[in-house]
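> sequence below, structure please.
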Amino acid sequence: MIIIDAHTHLWKKQDGMNPNGKVFALRNGQSSFAGEIRQMMPPYMLDGENNAEMLISNMDYACVSGAVITQEVMDGNQDGYLLSAKQKFPDRLKICSLYCEGQPYALDGFDGIKLCACKLNEKDLTKHFEVFKDAYKNGKFVSIDLDDGDRQTASLREIISELPDLRIAIGHFGMVTTDGWTEQIKLAQNKNVYIESGGITWLYNSEFYPYPTAVKSILEASEICGFDKLMWGSDYPRTMVEITYKMSYDFIVKTNEIADSDKAKMLGINAVNFYGFDSVHEIKPIKNML
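Now for the predicted structure:
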């Protein structure tokens, strides 16, 4: 089975912002999060660098063939580093540039562009129509994290109606643990809108592996838009402070509530088609000491 991760992060140097202040890496996987120390990465990321080589090593171990590198404003713009990572691993990685409100953005050399829509000052997405139009004209996809519930679904629906052939991947599984999350899932009833599950293990972290309620939410989403529109994402490396990389999808593999054919769609087939992973191959597991 081909497995594709639709939601990961990389950075050479973490240097970003959250609403309350600066975010920057320290050591041993820790970061300063607006003045508060947080375990942002696994503790073996000693120097604060979250690099492509370590991701590829994790992917090889977990038999993940390809990954989409999205971005987050809290990490700072990583456009330059992602271009170098894509050059080094062209068949394994798809990369997103970062859209920052009121600033120039890049499309050349990138596969898509990321909008942290929930963190925009102007939450009405129609006011940002130009970036959606540019992505469509240049054959790029849009990776987008929406505000909770239905706060931005109406404005995104307007954009979808104007640009029905634009590929859009909605992250964090529609912020599944918040009220009104299914309104985001309903957007995937449009032909080129998909849902990816990056962050679902974070949202259900209090329940923890094997995330039975997350599985039920996946089934609920499939009733709305079908398994053909669902993709798996890990939200690496932040979710790896609690679980291993393999555990971020293993709960889907192990459940008996999802058919094997639907698991194959969500874990890889849909992402291969949506993102255009034309050259990936199945990675065979290596027997480990346990």
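> report the contact partners of Ala34.
18-23 (Cβ atoms under 8 Å, 6 or more residues apart in numbering). For every residue, glycine as well, the C-beta is placed using N, CA and C.
> got a pLDDT number for it?
We have a pLDDT of 92 for Ala34.
> what of Asn20?
We have a pLDDT of 89 for Asn20.
> just put the contacts of Ala34 in JSON lines and tack on neighbour count and secondary structure.
Listed next are these as JSON lines, based on neighbours: other Cβ atoms under 10 Å; DSSP: H, G, I helix; E, B strand; the rest coil:
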{"residue": "Asn18", "neighbour count": "13", "secondary structure": "strand"}
{"residue": "Pro19", "neighbour count": "8", "secondary structure": "coil"}
{"residue": "Asn20", "neighbour count": "10", "secondary structure": "coil"}
{"residue": "Gly21", "neighbour count": "12", "secondary structure": "strand"}
{"residue": "Lys22", "neighbour count": "15", "secondary structure": "strand"}
{"residue": "Val23", "neighbour count": "22", "secondary structure": "strand"}
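> the closest residue to Arg157 other than its chain neighbours: what secondary structure?
Closest residue in space to Arg157, ignoring its immediate chain neighbours: Leu187 at 6.5 Å, by Cβ to Cβ, 6 or more residues apart in numbering. Three-state assignment for Leu187 (DSSP: H, G, I helix; E, B strand; the rest coil): helix.
> and Leu187, what does it touch?
Taking Cβ under 8 Å, 6+ apart as the criterion, Leu187 is in contact with 153, 156-157, 160, 168, 170, 193.
> for the helix or strand of the chain with the lowest mean pLDDT, which helices and strands make contact with it?
Sorting the helices and strands of the chain by mean pLDDT, DSSP states H and E puts strand 15-18 at the bottom, at a mean of 93. If you count contacts as 3 or more Cβ pairs under 8 Å, 6 or more residues apart in numbering; DSSP states H and E, strand 15-18 packs onto strand 21-25.
> next secondary structure after the strand it packs on?
Next along the chain after strand 21-25, taking DSSP states H and E as the criterion, comes strand 30-33.
> that next one packs against which elements?
If contacts are counted by 3+ Cβ pairs under 8 Å, 6+ apart, strand 30-33 sits against strand 21-25, strand 36-39.
> would you format the ones you listed as JSON lines with distance to Lys254 included?
What follows is the helices and strands packed on strand 30-33, written out as JSON lines (distance: least, Cβ to Cβ, whole Å):
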{"stretch": "strand 21-25", "distance to Lys254": "33"}
{"stretch": "strand 36-39", "distance to Lys254": "26"}
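> which of these sits closest to His128?
Nearest to His128 among those is strand 21-25 (22.9 Å), distances taken as Cβ to Cβ.
> and the contacts of that closest one?
11, 13-17, 31-35, 40-41, 47-49, 74-76.
> off-centre distance for it?
Computed by Cα atoms, centre = their mean, to the nearest Å, the chain-centroid distance of strand 21-25 equals 21 Å.
> with stretch 109-123 instead?
Relative to the chain's own centre, stretch 109-123 is displaced by 12 Å; criterion: Cα atoms, centre = their mean.
> could you dump it to PDB, C-alpha only?
The C-alpha coordinates for stretch 109-123 follow below in PDB (Å, rounded to 0.1, in the frame of the first residue of the first chain):
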ATOM      1  CA  GLY A 109       9.200  26.200  -7.700                       C
ATOM      2  CA  PHE A 110       6.400  25.300  -5.300                       C
ATOM      3  CA  ASP A 111       3.600  22.700  -5.700                       C
ATOM      4  CA  GLY A 112       1.100  24.700  -3.600                       C
ATOM      5  CA  ILE A 113       0.600  27.600  -1.200                       C
ATOM      6  CA  LYS A 114      -0.500  27.500   2.400                       C
ATOM      7  CA  LEU A 115      -3.000  29.800   4.000                       C
ATOM      8  CA  CYS A 116      -3.300  29.800   7.800                       C
ATOM      9  CA  ALA A 117      -6.700  31.300   7.300                       C
ATOM     10  CA  CYS A 118      -7.700  31.000  10.900                       C
ATOM     11  CA  LYS A 119      -4.900  33.500  11.800                       C
ATOM     12  CA  LEU A 120      -5.600  36.100   9.100                       C
ATOM     13  CA  ASN A 121      -6.600  39.600  10.400                       C
ATOM     14  CA  GLU A 122      -9.100  39.800   7.500                       C
ATOM     15  CA  LYS A 123     -11.000  36.600   8.000                       C
END
